[in-house]
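# Pasting a predicted model and its sequence here:
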Amino acid sequence: MSGDASDDEVPDLVQPPINPGNDNDDTDNDEPPTLIPTTSSTPLKSKVPITIITGYLGAGKTTLLNYILTAYHGKRIAVILNEFGDSIDIEKQLTVSDTNSTSASKVPFVPLANGCICCSVKDVGVAAIENLMEANGDFDYILLETTGLADPGNVAPLFWLDEGLGSSIFLDGIVTLVDAKNLLKSLDEGYGDDEEALEGRKEHGHAGPLLTTAHLQISHADVVIINKTDLVSEEELEAVQQRVRSINALAKVSTTTKAEVPTLEGFILDLHAYDAVSAADLTFAEKGHSHIDPSISTSTIVFPALREEQVDRFDRWLRTVLWEDKLPDGKTYEKFEIHRLKGRIPVVRANILLVQGVRNVYDVNEGTETTSEDSSAKLVLIGKSVGQKAFEESLLATLGQG
Ligand SMILES: Nc1nc2c(ncn2[C@@H]2O[C@H](COP(=O)(O)OP(=O)(O)OP(=O)(O)O)[C@@H](O)[C@H]2O)c(=O)[nH]1
Ligand SMILES: [Zn+2]
């Protein structure tokens, strides 16, 4: 091991200077993202994973939660329902809880069997959840069920935080439930997406093929569970699977009835989807080139391993693409949008770089493998218009190889 860190250290989790999704006026019901000092007397504890569970109304989110709570013994799990002024969630509490059901709407926390608790919150955020944990003791795992219309791309960056912030939780992964019977219709027509939401998305440059909440929930997923398979024929199920894979070739896809997934650990829980990038993750994505879905697709750029002096240029390319929504180095291109990004970028005579991104937040870490001369780099992009040739041309031009 070389003792001293080189001065061009790989950047930590990088966020754009201004978060374009957030207006910056100080609404006073919003807790500021305070840094939590790590110097307190609390002994070092391991961080608690949080899994975000999304999926449209009735897709089977609560069914999955109940299944996990029954099947995943030996862990204290906190279930958090993100209510957003949605009355349905009171019902959810009742479904999940097996005690205290009558007072569920008054008491924020409902104790569940096997030491789990359930609560319903309006403002999801690290501070809110850390308060919850403080008030209720330690938990081994947190499951956050979002409302059916939530865009996971807005929720994920709240929990995907830099080590330096000293947070006690970390984002483990996003699990999206889809309803086998209704998914194709939802992707083609939008579901429950009110006019306003669709108009809003158009204003954000989503003209052209319809980009629905169903797309967003699939494109950001680490795991997609196609539930309610009992309601469709084999052919219908096959079509749904293909459509899901064409949108997101990085996600693991499985099919279930009553959300009964074959295993939990490593399959929907404890994924470490935001800190690891395995070669296997990218291999499948590289093969998929179908563009069945008109709005969102997965695309892989393969390019030669970087020389050390190209690492900064690569980072500049990422910043321009993710923060400015532009392809650097002057090529004409179609307007695009990146939801998720993963890459393994070997650097000649140095360690491999592992790249992770969700929307405009990204992270580059050094892996342990060193690079052989002939290994190539792979960058997988999920989003709108990510299949265009201009991506590769722009990247190679920025690296000085074009
Ligand atoms: N036929 C069939 N019904 C299912 C399946 N899984 C769940 N359901 C039923 O579908 C309904 C909705 O399931 P939930 O788990 O409440 O779905 P949800 O996504 O939590 O719904 P909301 O919280 O309302 O958004 C319930 O009546 C379930 O019993 C399945 O695989 N097949
Ligand atoms: Zn539910």
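In hand now; what should we look at? Numbers count the residues shown, from 1 in each chain. Ligands and ions are numbered 1, 2, ... in the order given.
# Residue numbers of the stretch 201-350 of the chain in contact with ligand 1?
Taking Cβ under 6 Å from any ligand atom as the contact definition, the stretch 201-350 of the chain meets ligand 1 at Asn227, Lys228, Asp230, Leu231, Thr257, Lys258, Ala259. Backbone N, C-alpha and C define where each C-beta goes, glycine included.
# Go ahead and build a PyMOL selection from the buried members of those.
The buried residues among those can be selected in PyMOL (16 or more other Cβ atoms under 10 Å) with this line:
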select buried, resi 227+228+259
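# With secondary structure and pLDDT added, can I get the residues of the stretch 201-350 of the chain next to ligand 1 in CSV?
Output for these, formatted as CSV (DSSP: H, G, I helix; E, B strand; the rest coil; pLDDT from 0 to 100):
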residue, secondary structure, pLDDT
Asn227, strand, 98
Lys228, coil, 98
Asp230, helix, 98
Leu231, helix, 97
Thr257, coil, 97
Lys258, coil, 96
Ala259, coil, 95
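# Turn the residues of the stretch 201-350 of the chain next to ligand 1 into CSV, including distance to ligand 2.
As requested, those are arranged in CSV below (distance: Cβ to the ion, whole Å):
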residue, distance to ligand 2
Asn227, 12
Lys228, 14
Asp230, 19
Leu231, 18
Thr257, 17
Lys258, 13
Ala259, 11
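# which pair in the residues of the stretch 201-350 of the chain next to ligand 1 spans the largest distance?
Across these, the longest distance by Cβ to Cβ is 13.4 Å; it joins Leu231 and Ala259.
# Name the nearest of the residues of the stretch 201-350 of the chain next to ligand 1 relative to Ala305.
Among those, Asn227 lies closest to Ala305 (Cβ to Cβ), at 41.1 Å.
# nearest spatial neighbour of Arg340, skipping sequence neighbours?
Setting aside the residues directly before and after it, Arg340 is nearest to Ile382 in space (Cβ to Cβ, 6 or more residues apart in numbering), at 4.2 Å.
# tell me which element the one you found falls in.
Element membership for Ile382, per DSSP states H and E: strand 376-384.
# which other helices and strands contact that strand?
Using 3 or more Cβ pairs under 8 Å, 6 or more residues apart in numbering; DSSP states H and E, the elements in contact with strand 376-384 are helix 279-287, strand 297-304, strand 337-345.
# low-scoring stretches of the chain, by residue?
1-45, 73, 83-109, 113-114, 122-124, 162-166, 191-208, 288-290, 371-374, 402 (pLDDT under 70).
# how about the strands in it?
Assignment of strands within the chain using DSSP state E yields the ranges 48-55, 77-82, 109-111, 117-121, 141-145, 169-179, 223-227, 252-255, 297-304, 337-345, 351-358, 361-370, 376-384.
# mind exporting the strand holding Ile382 as PDB, just the C-alpha atoms?
Extracted in PDB, the C-alpha atoms of strand 376-384 (Å, rounded to 0.1, in the frame of the first residue of the first chain):
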ATOM      1  CA  SER A 376     -11.900  -1.600 -21.300                       C
ATOM      2  CA  ALA A 377     -14.200   0.800 -19.400                       C
ATOM      3  CA  LYS A 378     -17.900   0.500 -19.300                       C
ATOM      4  CA  LEU A 379     -20.400   3.200 -18.400                       C
ATOM      5  CA  VAL A 380     -24.100   2.300 -18.300                       C
ATOM      6  CA  LEU A 381     -26.700   5.100 -18.600                       C
ATOM      7  CA  ILE A 382     -30.400   4.900 -18.000                       C
ATOM      8  CA  GLY A 383     -32.700   7.700 -19.100                       C
ATOM      9  CA  LYS A 384     -34.100   9.600 -21.900                       C
END
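# mind checking how far it is from the chain centre?
Chain-centre distance of strand 376-384: 15 Å, with Cα atoms, centre = their mean, to the nearest Å.
# Report the buried residues of that strand.
Going by neighbour count (16+ other Cβ under 10 Å), the buried part of strand 376-384 is Ala377, Lys378, Leu379, Val380, Leu381, Ile382, Gly383, Lys384.
# got the contact list for the fourth one?
Spelled out, that is Val380. If you count contacts by Cβ atoms under 8 Å, 6 or more residues apart in numbering, Val380 has them with Ala249, Leu250, Leu282, Ala285, Glu286, Thr298, Ser299, Thr300, Leu341, Lys342, Gly343.
# change it to 10 Å
Taking Cβ atoms under 10 Å, 6 or more residues apart in numbering, we find Val380 in contact with 249-250, 277, 281-286, 288, 298-302, 340-344, 355, 386.
# Beta-bridge partners for it, please?
For Val380, the beta-bridge partners under DSSP bridges are Thr300, Lys342.
# thought Leu354 was touching Lys342?
Yes - at 8.3 Å, Leu354 counts as touching Lys342 under the criterion of Cβ atoms under 10 Å.
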